[in-house]
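S.K.: Provide a 3D model corresponding to the input given below.
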Amino acid sequence: MEEKHDPTQIVEDGEEGVCEAAEVAIQGVEEERSKMEGMASIALLPNGSISGHFVHLPNSVCYGIQGTEIACERECSRGEDYRLVKLTIIDFNSTKEQDVVVERRGHDAARFCNVDHAHGWEKDVVNLVDQKHQKNKIKISFECETLKADEAAEEHIRRFMPKLTGMDAVVNMGKMSITGLDFKAELGHTELSS
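M.R.: Just a heads-up that it's a prediction; the model follows:
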């Protein structure tokens, strides 16, 4: 019979590498538990703002998504389509919000992912990115699979985002994953601090 190892067991053989490997395994298990996957519909506005929603499948729980482009000097190694965005995820049930700074690439067909590092930007941007990574540890991944523009975009916006009608937005639809988002922990923290 094959023996199974529990990565949460503490290893006491004096080797730091084994302990670090166990910590990484535990972190990976916790991230997998908190990972939400689903579909997102995101309107990209001409001013660089983002508005839309994320539907967590299979439970069909809907979260709001709003984003504001962060004004900063782009590094010379980044392409013309590179932007930093402060993304706010909204839980409609509790009206709680959590922020994360993401990279946006692509012009009309956008891709979002977390910022690996913010070295070389202005000090306030670096502090914002570092603070958000330490506080929330939220990871975002999105890639546009369907792009709607002109009449198709207006039709979609009229149906699902009526407040954005007539703003000349394009719509990106695709799979999105969010890891580390925990509104319950945020709610518990708020109750304890009051």
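
S.K.: make it CA atoms for all contacts and neighbour counts henceforth
M.R.: Noted.

S.K.: pLDDT below threshold where in this protein?
M.R.: Under the criterion pLDDT under 70, the flagged ranges of the chain are 1-33, 72-79, 116-136, 185-194.

S.K.: tell me which stretches of it form helices.
M.R.: 16-34, 123-135, 150-160, 183-193 (DSSP state H).

S.K.: so which residues of this protein form strands?
M.R.: Along the chain, counting by DSSP state E, strands occupy 36-44, 50-56, 61-69, 83-91, 96-105, 111-114, 139-143, 146-148, 170-179.

S.K.: tabulate those (CSV), appending mean neighbour count.
M.R.: CSV is the format used below for the strands of the chain (neighbours: other Cα atoms under 10 Å):
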stretch, mean neighbour count
strand 36-44, 22
strand 50-56, 21
strand 61-69, 18
strand 83-91, 21
strand 96-105, 20
strand 111-114, 19
strand 139-143, 19
strand 146-148, 16
strand 170-179, 21
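
S.K.: turn those strands into a markdown table, columns for distance to residue 154.
M.R.: Output for those, formatted as a markdown table (distance: least, Cα to Cα, whole Å):
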| stretch | distance to residue 154 |
| --- | --- |
| strand 36-44 | 10 |
| strand 50-56 | 14 |
| strand 61-69 | 18 |
| strand 83-91 | 23 |
| strand 96-105 | 22 |
| strand 111-114 | 21 |
| strand 139-143 | 21 |
| strand 146-148 | 9 |
| strand 170-179 | 8 |
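
S.K.: who wins for proximity to residue 163 among these?
M.R.: strand 50-56 (10.2 Å; Cα to Cα).

S.K.: relative to strand 61-69, how tilted is the closest one?
M.R.: Interaxial angle of strand 50-56 relative to strand 61-69 (axes from the mean of the first three to the mean of the last three Cα atoms, to 10 degrees): 150 degrees.

S.K.: helices or strands next to strand 50-56 in the packing?
M.R.: strand 36-44, strand 61-69 (3 or more Cα pairs under 8 Å, 6 or more residues apart in numbering; DSSP states H and E).

S.K.: as JSON lines, the ones you listed with distance to residue 104 would be great.
M.R.: Output for the helices and strands packed on strand 50-56, formatted as JSON lines (distance: least, Cα to Cα, whole Å):
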{"stretch": "strand 36-44", "distance to residue 104": "11"}
{"stretch": "strand 61-69", "distance to residue 104": "9"}
